[in-house]
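Trainee: give me a model of this one.
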Amino acid sequence: MDRLTILGFMIGVAGIMTGQLLEGGGLGILFQGTAFLIVFGGTIGAVMVQCPMKVFTTAIRMGGWVFVEPRLNGIRLVSQLTEWSVLSRKSGILALEARIPGISDPFMKKGLQLLVDGASPEKIREVMDVDIHRWEQLRWQSARVWEAAGGYSPTIGIIGAVLGLIHVMENLAEPSKLGAGIAVAFVATIYGVAFANLFFLPVGNKLKAIIMRQADIYEMIVDGLVAIASGENPRLVELKLQGYIE
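Mentor: Just a heads-up that it's a prediction; the model follows:
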């Protein structure tokens with residue numbers, strides 16, 4: 001669980017609420033179901049129009065990464081690749097074939113299968129780089145879905161405010177209700193800006209950072225497999241791969 005993310009959200013929301021209280025306002029005015037429905041529903045609808053279904057569903061699934069990042073154990077992978085390098089030097093690359101059934105990660109399993117099948121280092125890199133590019137492209141597009149939501153949200157908030165003001169204008173005959181009605185109308189604007197700057201945009205940027213870290217690990221795996229295929233010294237292989245670990 002990413003405690004910094006949770007703490008950041010809590011501080012952001014608490015700052016807004018505390019400021020409202022210090023200005024002498026009440027917190028109740030900030031909780032408006034209609035404004036929430038307009039802003040959140042309108043933003044999600046706009047995003048769904050913009051992107052393909054696969055990208056949208058991937059973006060929703062990736063949202064959980066902000067709180068629980070799917071980390072690949074770099075230290076364990078370096079140890080595993082170094083072990084394969086030692087085994088291939090002692091017993092030949094075909095000795096690695098027995099390790100294939102025990103690998104759960106599809107990317108790593110495919111790379112080891114190519115290695116055992118006798119593919120050249122150049123071919124291994126060529127094939128695996130295509131997989132990395134495809135994996136990375138989908139997830140970058142999905143991260144941009146959150147950024148797009150951050151762009152639409154403030155505008156939808158303005159729409160909500162205008163709708164609220166239209167409702168106020170319909171009740172000009174009752175001056176006592178105008179002040180509260182206008183306040184409620186502008187809550188939609190607050191929602192739009194707050195969702196964008198406290199949630200959608202930060203989530204999109206954090207997902208991009210996570211994607212970059214995972215892509216580095218996949219690049220490390222490819223470098224390890226290529227080094228094994230090239231017959232490099234296991235110690236040099238280990239030192240090279242350790243450079244990827246933070």
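Trainee: and the spatially most central residue of the chain, what helix or strand is that in?
Mentor: By CA atoms, centre = their mean, the chain has its centre lying nearest to residue 207, at 2.6 Å. Secondary structure from DSSP states H and E places residue 207 in helix 201-229.
Trainee: got the buried residues for that helix?
Mentor: Residues of helix 201-229 classed as buried: 201-204, 206-208, 210-211, 214-215, 217-218, 220-229 (neighbour count, 16 or more other CB atoms under 10 Å). For the C-beta atoms, the positions are set from N, CA and C on the backbone; glycine is no exception.
Trainee: same question, stretch 227-243
Mentor: Neighbour-count burial for stretch 227-243, with 16+ other CB under 10 Å as criterion, is recorded at 227-229, 232, 234, 237-238, 240-241.
Trainee: show me how far it is from its chain's centre.
Mentor: Put simply, stretch 227-243 sits 31 Å off its chain's centre (CA atoms, centre = their mean, to the nearest Å).
Trainee: ok, residues contacting it?
Mentor: By CB atoms under 8 Å, 6 or more residues apart in numbering, the list of residues contacting stretch 227-243 from outside reads 77-78, 81-82, 84-86, 88-89, 93, 115, 119-121, 124, 220, 223-224.
Trainee: could you do stretch 2-22 as well?
Mentor: 26-27, 29-30, 66-69, 190, 194, 198-199, 202, 206.
Trainee: and with 10 Å instead?
Mentor: For stretch 2-22, the surrounding residues in contact (CB atoms under 10 Å, 6 or more residues apart in numbering) are 25-27, 29-30, 65-69, 190, 194, 197-199, 202-203, 206, 210.
Trainee: phi, psi of residue 142?
Mentor: Backbone torsions for residue 142, taken as degrees, to the nearest 10, come to phi -70, psi -40.
Trainee: that one and residue 195, how far apart?
Mentor: 18 Å (CB to CB, to the nearest Å).
Trainee: what does residue 156 give?
Mentor: According to CB to CB, residue 156 stands 9 Å off from residue 195.
Trainee: which one's more surrounded, these two?
Mentor: With neighbours defined as other CB atoms under 10 Å, residue 156 and residue 195 compare such that residue 156 has more, 25 against 22.
Trainee: identify the residues contacting the more buried one.
Mentor: Contacts of residue 156 by CB under 10 Å, 6+ apart are 38-46, 149, 188-189, 191-192, 195-196.
Trainee: again, only using 6 Å
Mentor: With contact set as CB atoms under 6 Å, 6 or more residues apart in numbering, residue 156 has these partners: 39, 42-43, 192.
Trainee: and the furthest pair within those residues?
Mentor: Pairwise distances across the contacts of residue 156 (CB to CB) peak at 8.9 Å, for the pair 42 and 192.
Trainee: higher neighbour count, these two?
Mentor: residue 192 (27 against 19).
Trainee: just give the nearest non-adjacent residue to that one, would you?
Mentor: Leaving aside its sequence neighbours, residue 192 sits nearest to residue 157 (CB to CB, 6 or more residues apart in numbering; 1.8 Å).
Trainee: does the one you found touch residue 187 like I think?
Mentor: No - judged on CB atoms under 6 Å, residue 157 makes no contact with residue 187 at a distance of 9.0 Å.
Trainee: state the mean pLDDT of stretch 9-22.
Mentor: Taken as a whole, stretch 9-22 has an average pLDDT of 86.
Trainee: and what of stretch 85-105?
Mentor: If you average the pLDDT over stretch 85-105, you get 89.
Trainee: try stretch 60-75
Mentor: If you average the pLDDT over stretch 60-75, you get 86.
Trainee: residues making contact with that stretch?
Mentor: Contact with stretch 60-75 is made by 1-2, 5, 142, 203, 206-207, 210, 217, 245, as judged by CB under 6 Å, 6+ apart.
Trainee: the same query, at a cut-off of 8 Å, please.
Mentor: 1-2, 5-6, 105, 139, 142-143, 146, 203, 206-207, 210, 214, 217, 220, 244-246.
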